[in-house]
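[1] Just need the structure, nothing else, for what follows:
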Amino acid sequence: KTLNIAVIGAGTMAQAVHLPVLRRRWDRFTVTALVDHSARRRRESSEVWGIEEERRYETVADLLAAVRAKTVSVDAALLSTDGLHVDDLLALMRRGIPVLVEPPVGFSAEEVSRVTDFERMTGRRLLMMAYPQQYDDSVRLMTEQIATKDLRMIDHEVLMPASQPLFGGARVTSSAYDLPTEKRTERRKELQAAVIAGSGEGATQRDRDLYVKGLLTGVAHQLAVLEAGYGPLTQLSAVRHWPKGMIPGSIEILGELEGGARVRAVWHYLPFAPEYSERVQVLSARRRMQVELPAPSHGDRRSTIALREKKAGVVVETSHTATKGSAELMWEAFHSFVERGTEPVAGAEEARAQVILMREVLESIVTADGRSLVPEPEPEHAEAEGAGAEGAEGEGEDEATAASEADAAPETDRAPETDTAPGTDA
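    Okay, the predicted model is just below:
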């Protein structure tokens with residue numbers, strides 16, 4: 001069956017990763033609607049990807065109104081908007097529409113729990129996380145070459161450049177933000193509140209940026225690959241972040257899998273690096289395996305897996321190159337998820353567990369810096385002094401203090417950028 005797909009959010013990820021696959025796999029998918037809050041981006045991307053004006057919508061509410069009126073047919077949706085996902089996601093799920101979601105689903109366990117609670121109530125999984133490399137042939141073959149019971153160590157390193165090496169070859173239209181100022185301010189405040197709820201009231205703006213740009217949209221993708229092959233981390237042993245003060249910088253995680261195998265995951269944001277690089281080295285007592293994974297946006301490149309072992313006293317190396325890109329394989333899995341109910345590698349429950357782990361990683365980094373994500377209570381004597389400062393002179397001091405706090409607010413409490421990863425626009 002050919003699925004009618006609504007693409008919600010026409011940013012970089014949609015245009016560089018998803019829409020090329022949907023166009024190429026016309027035998028499985030048809031784009032019947034495009035939703036984007038930016039009128040300019042909605043128009044320009046629709047013209048590039050051949051979506052008629054009557055199938056373009058400003059909001060998910062507009063799309064669902066058309067679905068109810070039967071003026072558009074939607075079997076499933078891709079949700080790749082910037083900002084917050086959960087409200088739009090639940091609106092789609094209430095209509096029984098399965099959704100492929102660009103991470104993160106939410107910024108706190110409580111936010112993602114709204115989705116898991118809905119799935120639990122309905123008894124049906126409707127969310128699949130858009131982690132293309134979880135479905136890569138080479139990731140699937142890892143456990144066939146080195147079983148979990150034989151696993152000794154995994155070393156996983158990612159070098160993340162700025163956007164040009166990742167998306168320079170993609171056909172992406174302008175990402176200009178043409179929303180009215182008041183609407184942009186409202187969206188920013190909503191996003192800021194969600195990030196604060198996830199990172200903690202005591203988090204600084206740098207902590208929040210690290211949480212969003214380094215952990216939820218960087219390290220989380222990396223650990224999702226390991227989870228697809230060998231399951232989630234069961235213990236977090238150590239965390240390191242450097243250089244000091246640079247966001248998102250480099251992040252190293254040491255942990256354990258069920259069974260005791262050790263994991264070392266390193267994620268570097270290197271804005272001037274010439275290319276994206278992702279390597280996974282897997283060790284057992286007898287074998288050494290190395291997996292090379294291209295960026296999902298490089299749809300014409302293929303992953304490779306190489307295995308070295310000793311047989312009859314001779315070192316033998318075998319290798320395999322994937323026949324399809326990871327994004328195409330993910331969309332094939334989504335088709336099976338929608339049509340046959342095949343379990344996804346990562347859904348709502350896995351997204352919630354991931355948010356909890358990333359919050360734990362952030363807490364470890366902040367604690368190592370001698371701070372806490374929990375705000376310190378204000379001293380009682382300070383409140384008493386404030387209460388006793390009355391009269392004209394006290395009012396003047398209050399006004400000066402308020403003015404000082406207002407000046408400082410943009411630096412300490414401004415909302416994080418709405419890009420989902422360094423150099424990307426979801």
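[2] For the rest of this, base every contact and every neighbour count on C-alpha atoms.
    Fine.
[3] Helix, strand or coil: sort out the most centrally placed residue in the chain for me.
    Nearest to the geometric centre of the chain sits P103, at 3.0 Å (C-alpha atoms, centre = their mean). Secondary structure, DSSP: H, G, I helix; E, B strand; the rest coil: P103 is coil.
[4] which residues touch it?
    129-131, 216-217, 420 (C-alpha atoms under 8 Å, 6 or more residues apart in numbering).
[5] So which of these belong to helices?
    Counted as lying in helices by DSSP state H, out of the contacts of P103, is not a single one.
[6] Show the pLDDT at the residue nearest to the centre of the chain.
    For P103, the pLDDT comes out at 95.
[7] cool, and A197?
    We have a pLDDT of 96 for A197.
[8] Apart from its neighbours in sequence, what residue is nearest it?
    S108 (6.4 Å; C-alpha to C-alpha, 6 or more residues apart in numbering).
[9] which residues does that neighbour contact?
    The contact partners of S108, taken as C-alpha under 8 Å, 6+ apart, are 194-195, 197-199, 352, 355-356.
[10] how about a cut-off of 7 Å?
    Applying C-alpha atoms under 7 Å, 6 or more residues apart in numbering to S108 gives the contacts 197-198, 355.
[11] Out of the residues you listed, which sit inside helices?
    197-198, 355.
[12] Buried ones only from those residues, please, as a ChimeraX command.
    Of the ones in helices among the contacts of S108, the buried ones can be selected in ChimeraX as follows, counting by 16 or more other C-alpha atoms under 10 Å:
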select :197,198,355
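[13] Quick check: of the ones in helices among the contacts of S108, which lies closest to D137?
    Closest approach between the ones in helices among the contacts of S108 and D137, by C-alpha to C-alpha: V355, at 26.2 Å.
[14] Run a quick check on that closest one versus A109, I expect a contact.
    Yes: V355 lies in contact with A109 (C-alpha atoms under 7 Å); the separation is 6.0 Å.
[15] where exactly do the strands run in the stretch 151-300 of the chain?
    Shown for the stretch 151-300 of the chain, the strands assigned by DSSP state E, counting those that start in this stretch span residues 151-160, 233-242, 250-257, 262-269, 277-284, 287-292.
[16] before we move on, what about the stretch 1-150 of the chain?
    3-8, 29-35, 56-57, 76-79, 99-101, 127-129.
[17] which neighbours does the second one have in its sheet, and in what orientation?
    According to DSSP bridges, the neighbouring strands of strand 29-35, each with its direction, are strand 3-8 (parallel), strand 56-57 (parallel).
[18] will you turn the contacts of S108 into JSON lines that also has distance to F167?
    Output for the contacts of S108, formatted as JSON lines (distance: C-alpha to C-alpha, whole Å):
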{"residue": "A197", "distance to F167": "32"}
{"residue": "G198", "distance to F167": "29"}
{"residue": "V355", "distance to F167": "27"}
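[19] picking that back up, separation between the residue nearest to A197 and L357?
    11 Å (C-alpha to C-alpha, to the nearest Å).
[20] Low-confidence stretches in the stretch 101-250 of the chain?
    Along the stretch 101-250 of the chain, the parts satisfying pLDDT under 70 run over 174-177.
[21] looking at this, S336 is in a helix?
    Yes: S336: assigned to a helix according to three-state DSSP.
[22] For burial, what's the neighbour tally of the nearest residue to it once chain neighbours are set aside?
    Closest residue in space to S336, ignoring its immediate chain neighbours: T342 at 5.7 Å, by C-alpha to C-alpha, 6+ apart. Neighbour count of T342, defined by other C-alpha atoms under 10 Å: 13.
[23] H268 too?
    Counted with other C-alpha under 10 Å, H268 comes out at 21.
[24] okay but it is in contact with M246, surely?
    No: in this structure, H268 is not within contact of M246 by C-alpha under 7 Å, at 11.3 Å.
[25] where does the stretch 251-400 of the chain have low pLDDT?
    379-400.
[26] quick one, helices of it?
    Per DSSP state H, counting those that start in this stretch, the stretch 251-400 of the chain carries helices over the ranges 326-340, 348-368, 380-388, 391-413.
[27] What is the second one packed up against?
    Yep, that's helix 348-368 we're talking about. Contact here means 3 or more C-alpha pairs under 7 Å, 6 or more residues apart in numbering; DSSP states H and E; on that basis helix 348-368 packs against helix 109-122, strand 233-242.
[28] Just the buried residues of the shortest one, please?
    Spelled out, it's strand 233-242. Applying a neighbour-count criterion of 16+ other C-alpha under 10 Å, one finds 233, 236, 239-241 buried in strand 233-242.
[29] cool, stretch 305-325 as well?
    Buried-residue list, stretch 305-325, by 16+ other C-alpha under 10 Å: 305-307, 309, 322, 325.
[30] which of those sit farthest apart?
    E309 and G325 (27.2 Å).
[31] one step back: from the buried residues of stretch 305-325, which is closest to Y276?
    Of the buried residues of stretch 305-325, the one sitting nearest to Y276 (C-alpha to C-alpha) turns out to be G325, at 15.5 Å.
[32] for the closest one, what are its contacts?
    299-302.
[33] between those, which is closest to D137?
    Among these, and counting by C-alpha to C-alpha, the member closest to D137 is R302, at 9.3 Å.
[34] residue contacts, the closest one?
    294, 321-325 are the contacts of R302 under C-alpha under 7 Å, 6+ apart.
[35] Same check on R288?
    R288 touches 282, 307-309, counting by C-alpha under 7 Å, 6+ apart.
[36] How about Y131: what's its closest non-neighbour residue?
    Nearest one to Y131, counting by C-alpha to C-alpha, 6+ apart, is H221 at 6.8 Å.
[37] and the closest residue to L210 other than its chain neighbours, what does it touch?
    Nearest residue to L210, sequence neighbours excluded (C-alpha to C-alpha, 6+ apart): P248, at 5.1 Å. Contacts for P248 were tallied using C-alpha under 7 Å, 6+ apart; they are 210, 213-214, 269.
[38] what do you get for V366?
    Per C-alpha under 7 Å, 6+ apart, neighbours of V366: S372.
[39] Check the spacing between the residue lying closest to E258 once chain neighbours are set aside and V291 real quick.
    Closest residue in space to E258, ignoring its immediate chain neighbours: T234 at 5.9 Å, by C-alpha to C-alpha, 6+ apart. T234 is 23 Å from V291, where distance means C-alpha to C-alpha.
[40] before we move on, what about V280?
    In this structure, V280 and V291 are 5 Å apart, going by C-alpha to C-alpha.
[41] Ok, G123 next?
    In terms of C-alpha to C-alpha, G123 sits 37 Å off from V291.
[42] Please consider this matter closed, and thank you.
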